[in-house]
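Chemist: need a 3D model of the sequence below.
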Amino acid sequence: MSYSNADSLHRVTVDDVRGARKMLSGIARVTAMEGSRHLSQLVGAPVHLKCENLQRTGSFKLRGAYVRIAGLLPEERAAGVVAASAGNHAQGVALASSLLGVHATVFMPKGAPLPKISATREYGAEVRLHGTVVDETLAAAQAYAAETGAVFIHPFDHHDVIAGQGTVGLEILEQCPEVRTIVVGVGGGGLAAGIAVAVKTLRPDVRVVGVQAEGAAAYPPSLAAGRPVSIGHVATMADGIKVGRPGDVPFGIVDELVDEVRTVPEGALSAALLLCLERAKLVVEPAGASPVAALLDAPDAFEGPVVAVLSGGNVDPVLMERVLRHGMAAQGRYLAVRLRLTDRPGALATLLGVLSAADANVLDVSHVRTDSRLGITEAEVELRLETKGPEHCAELGRALREAGYTVMD
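Modeler: Numbering: from 1, shown residues only. All right, here's what the predicted structure looks like:
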């Protein structure tokens, strides 16, 4: 093991995870395991979805937050706790603190989605909006901890948090004992590290694969360097795994026990979210859908049976709308068409009739009749169509050409 903090591996054991499970009895749900026929056909082996999006507060974060806060000394509880988060960790800390009778202050970015801010308050935390990015929010929370004596609850870089997240791994082994590969999203690394400790201790034959968004992939360069490194700017729709540097404690475990960390593009994330909604009837946030994105991106890379961990379902409705559009475009469900036609009465209606006969749904039409590029009797039309997929797009192209239209690049 190359990482200098190698002893971090020995600070989290399967016994710690078992202890966390006892602590979480009656607090965290044993979430469902659902099969996916579509993904199973794609991968060529059984694929199961571990539905942490159905956990209390909508993500796995309650597990680690509760174990961490429950382990505080009486004088630490009396001082209260503080956290920084854009959503899932905030809600986990808020509910855990409420259940344990501890005052919680949660710093959130000013641009955090309103549903997440409201939920955090409803779970009992005092919410303070500070900064526009999580790094600024994190600094404010740490300054508050130093000033007031409140205990800072890190979202992933702590022994107890990792032990709590590892209870997901114990449940997977019990619910799907035949599992060969577990695929899990990775941000700071707490969930992947906890699952790896539990699974690799009890079933070293099971392969654990981490998944990061390409625009926030801090683990591949860190693993190559043998230590956590910061990647600076991060950009991804998957805010739950939008972390620019691995945690020190989880990095040592991931380096030792996780077999591979893969990256996925934004298109695969949006397509995965859409698939979960359409095929599995599950609302999953982009970070939670990242394991499904990895299966879509490289279905032949995973030995089955496979368990994909859907880590969270707290998606802002505004983001959901944008991501669904992005996912439909990635799947060829939208088609943009530009063509010229003779500028005469009824010409546009005739074109729309061709599209209607081909079963295309017209979303937008832009009709340009005055432009120096056009002839006196010409008009240019741009259309955005909703289609049934790539084959339907090809059929529409043929229908337009057969009707005498020239589709422009």
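Chemist: buried sites along stretch 296-304?
Modeler: 296-297, 299, 302, 304 (16 or more other Cβ atoms under 10 Å). C-beta coordinates here come from the backbone N, C-alpha and C atoms, glycine included.
Chemist: neighbouring contacts of it?
Modeler: Stretch 296-304 is contacted from outside by 40, 42-47, 180-181, 183, 207, 209, 262, 264-265, 268, 271-272, 275, 294-295, using Cβ atoms under 8 Å, 6 or more residues apart in numbering.
Chemist: could you pick out which of the residues you listed are located in strands?
Modeler: 47, 181, 183, 207, 209, 262, 264 (DSSP state E).
Chemist: quick check: the fifth one vs residue 236, distance?
Modeler: For residue 209, the distance to residue 236 equals 18 Å [Cβ to Cβ, to the nearest Å].
Chemist: quick one: low-confidence parts of the stretch 201-350 of the chain?
Modeler: Scanning the stretch 201-350 of the chain for pLDDT under 70 picks out 326-327, 330-331.
Chemist: repeat the analysis, applying 90 as the threshold.
Modeler: Within the stretch 201-350 of the chain, the ranges that satisfy pLDDT under 90 run 230-244, 267, 270-271, 274, 277-278, 315-350.
Chemist: determine which two of the ones in strands among the contacts of stretch 296-304 are furthest apart.
Modeler: 207 and 264 (17.4 Å; Cβ to Cβ).
Chemist: the more surrounded of those two?
Modeler: Higher neighbour count among residue 207 and residue 264: residue 264, with 27 against 19, using other Cβ atoms under 10 Å.
Chemist: how about that one, nearest residue that isn't a chain neighbour?
Modeler: Leaving out its chain neighbours, the residue that sits closest to residue 264 by Cβ to Cβ, 6 or more residues apart in numbering is residue 293, at 4.2 Å.
Chemist: same question, residue 136
Modeler: Counting by Cβ to Cβ, 6+ apart, residue 136 lies nearest to residue 130, which is 6.6 Å off, once chain neighbours are set aside.
Chemist: how many neighbouring residues does the one you found have?
Modeler: Residues within reach of residue 130, counting by other Cβ under 10 Å, total 17.
Chemist: make residue 1 into 582 and carry on from there
Modeler: New numbering, starting at 582: the last item is residue 711.
Chemist: from residue 726, how far off is it?
Modeler: 13 Å.
Chemist: returning to what we had before: can you turn the buried part of the contacts of stretch 877-885 into a PyMOL selection?
Modeler: Those of the contacts of stretch 877-885 that count as buried under 16+ other Cβ under 10 Å are selected in PyMOL with:
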select buried, resi 621+624+626+627+628+761+762+764+788+790+843+845+849+852+853+856+875+876
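Chemist: in the sheet, who's paired with the closest residue to residue 616 other than its chain neighbours?
Modeler: In space, and not counting its chain neighbours, residue 616 is closest to residue 629: 5.5 Å by Cβ to Cβ, 6+ apart. Beta bridges link residue 629 to residue 616, residue 888 when assigned by DSSP bridges.
Chemist: residue 629 contacts residue 888, doesn't it?
Modeler: Yes. Assessed by Cβ atoms under 8 Å, residue 629 is found in contact with residue 888 at 4.9 Å.
Chemist: just the strands in this structure please.
Modeler: Taking DSSP E as the criterion, the chain carries its strands at 614-616, 628-632, 662-665, 685-689, 707-710, 732-733, 762-766, 788-794, 841-845, 887-891, 915-923, 942-949, 959-967, 987-989.
Chemist: need those strands in a markdown table (columns: distance to residue 804).
Modeler: Output for the strands of the chain, formatted as a markdown table (distance: least, Cβ to Cβ, whole Å):
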| stretch | distance to residue 804 |
| --- | --- |
| strand 614-616 | 29 |
| strand 628-632 | 24 |
| strand 662-665 | 26 |
| strand 685-689 | 30 |
| strand 707-710 | 35 |
| strand 732-733 | 27 |
| strand 762-766 | 16 |
| strand 788-794 | 10 |
| strand 841-845 | 7 |
| strand 887-891 | 20 |
| strand 915-923 | 37 |
| strand 942-949 | 43 |
| strand 959-967 | 42 |
| strand 987-989 | 46 |
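Chemist: what is in contact with residue 629 and residue 888 at once?
Modeler: 614, 757, 760.
Chemist: the residue nearest in space to the middle of the chain and residue 768: what is the separation?
Modeler: Most central in the chain under Cα atoms, centre = their mean is residue 868, positioned 0.7 Å from the mean C-alpha point. Taking Cβ to Cβ as the measure, residue 868 falls 7 Å from residue 768.
Chemist: who touches both of these two?
Modeler: With Cβ under 8 Å, 6+ apart, residue 868 and residue 768 have common neighbours 821-823.
Chemist: among the residues you listed, name the ones in helices.
Modeler: Secondary structure defined by DSSP state H assigns none of the shared contacts of residue 868 and residue 768 to helices.
Chemist: now render the residues you listed as JSON lines, adding distance to residue 939.
Modeler: Shown next, in JSON lines, are the shared contacts of residue 868 and residue 768 (distance: Cβ to Cβ, whole Å):
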{"residue": "821", "distance to residue 939": "40"}
{"residue": "822", "distance to residue 939": "40"}
{"residue": "823", "distance to residue 939": "41"}
